[in-house]
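Enquirer: Predicted model, plus sequence, below.
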Amino acid sequence: MSPKVSKEHIEQRRNKIVDAAKHVFAEQGFENTTMKHVMEKASVSRGGLYQYFANKEDLFETILKEDLDSIVEENNNLLKRDINSYWDLLLLRMFGDSKQPSEEMDDLAPSKLEFFITGRNDRRRREYGEERYRNGLRIYTDVIKAGQACGEFSEKYDSEIVARSIVAHIDGLALEHAILPKHEVKLKQQSDMFLEYLKMALEIKKDKE
């Protein structure tokens, strides 16, 4: 009889595989990554890996879904509280804890582009891409809509249109980051300029900046 494994141990082993996979996808890109790469990085057997994930597509989708689900949950919880500044919350969603543009890009951004572009003719991947886009769009839309409702943001532009412009900006930077030499990608400068456009669109008051 094989020894009984606790749920906690199973979860820890799964998380170890997911963390290892994130590093591999960041280093190798989506197309070049193999399950063998993940096995070696996570120090697990073939059976140990396939016990949790059927293939690298399944593994990568899990990474994307769990990361986005975490952000959606956090955003929904924050929106239930009294918010001092929806502009600050918008910056948090766009740039993370620093709330400031930088030259750093999500390490998985190139792999995400690969995943969706190479899978554009795959029905399952396309459907997942659409679902992911709409969930991501809703994060920004909800923040902007809440800011408009309380009068912090102007209602001159529809909240979803503003949210779409944010997503398009971020995706555009990810594309540049994926295909251009690093010294040619001006992430911070472009984001600084985009924020000025966003302030004008939302008519951010000086005391809210």
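Expert: Okay, I see it. Numbering: from 1, shown residues only.

Enquirer: Verify the contact between residue 170 and residue 96 for me.
Expert: No. Using C-beta atoms under 8 Å, residue 170 is not in contact with residue 96; the gap is 11.9 Å. For the C-beta atoms, the positions are set from N, CA and C on the backbone; glycine is no exception.

Enquirer: who has more neighbours, these two?
Expert: Ranked by neighbour count (other C-beta atoms under 10 Å), residue 170 and residue 96 place residue 170 first, with 19 against 12.

Enquirer: Return the per-residue confidence for the more buried one.
Expert: In this model, residue 170 is scored at 94, pLDDT.

Enquirer: which non-adjacent residue is nearest it?
Expert: Nearest non-adjacent residue to residue 170, counting by C-beta to C-beta, 6 or more residues apart in numbering: residue 94, 7.2 Å away.

Enquirer: and that neighbour, what does it touch?
Expert: Listed by C-beta atoms under 8 Å, 6 or more residues apart in numbering, the contact set of residue 94 reads 166, 170, 191.

Enquirer: element containing the last one?
Expert: Using DSSP states H and E, the element containing residue 191 is helix 187-202.

Enquirer: try the second one
Expert: Under the criterion of DSSP H and E, residue 170 resides in helix 159-179.

Enquirer: what residue is smack in the middle of the protein?
Expert: The C-alpha lying nearest the average C-alpha coordinate of the chain belongs to residue 68 (C-alpha atoms, centre = their mean; 5.9 Å).

Enquirer: Quick check: which element contains it?
Expert: Per DSSP H and E: helix 56-79 holds residue 68.

Enquirer: tell me which residues in that helix are buried?
Expert: 56, 57, 59, 60, 61, 62, 63, 64, 75, 78 (16 or more other C-beta atoms under 10 Å).

Enquirer: so where's this structure uncertain?
Expert: The model of the chain has pLDDT under 70 over residues 1-5, 205-209.

Enquirer: the domain parsing of it - what is it?
Expert: Taking automatic domain parsing as the criterion, the chain consists of the domains 1-53, 56-208.

Enquirer: need the longest helix for the protein.
Expert: helix 123-149 (DSSP state H).

Enquirer: now for it, which elements pack on it?
Expert: Contact analysis of helix 123-149 by 3 or more C-beta pairs under 8 Å, 6 or more residues apart in numbering; DSSP states H and E lists helix 56-79, helix 86-95, helix 109-118, helix 159-179 as its packing neighbours.

Enquirer: Save these as CSV, and put in distance to residue 27 too.
Expert: Below are the helices and strands packed on helix 123-149 laid out as CSV (distance: least, C-beta to C-beta, whole Å):
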stretch, distance to residue 27
helix 56-79, 14
helix 86-95, 24
helix 109-118, 10
helix 159-179, 14
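
Enquirer: Enumerate every residue touching the closest residue to residue 133 other than its chain neighbours.
Expert: In space, and not counting its chain neighbours, residue 133 is closest to residue 167: 7.3 Å by C-beta to C-beta, 6+ apart. Counting by C-beta under 8 Å, 6+ apart, residue 167 makes contact with 133, 136, 137, 140.
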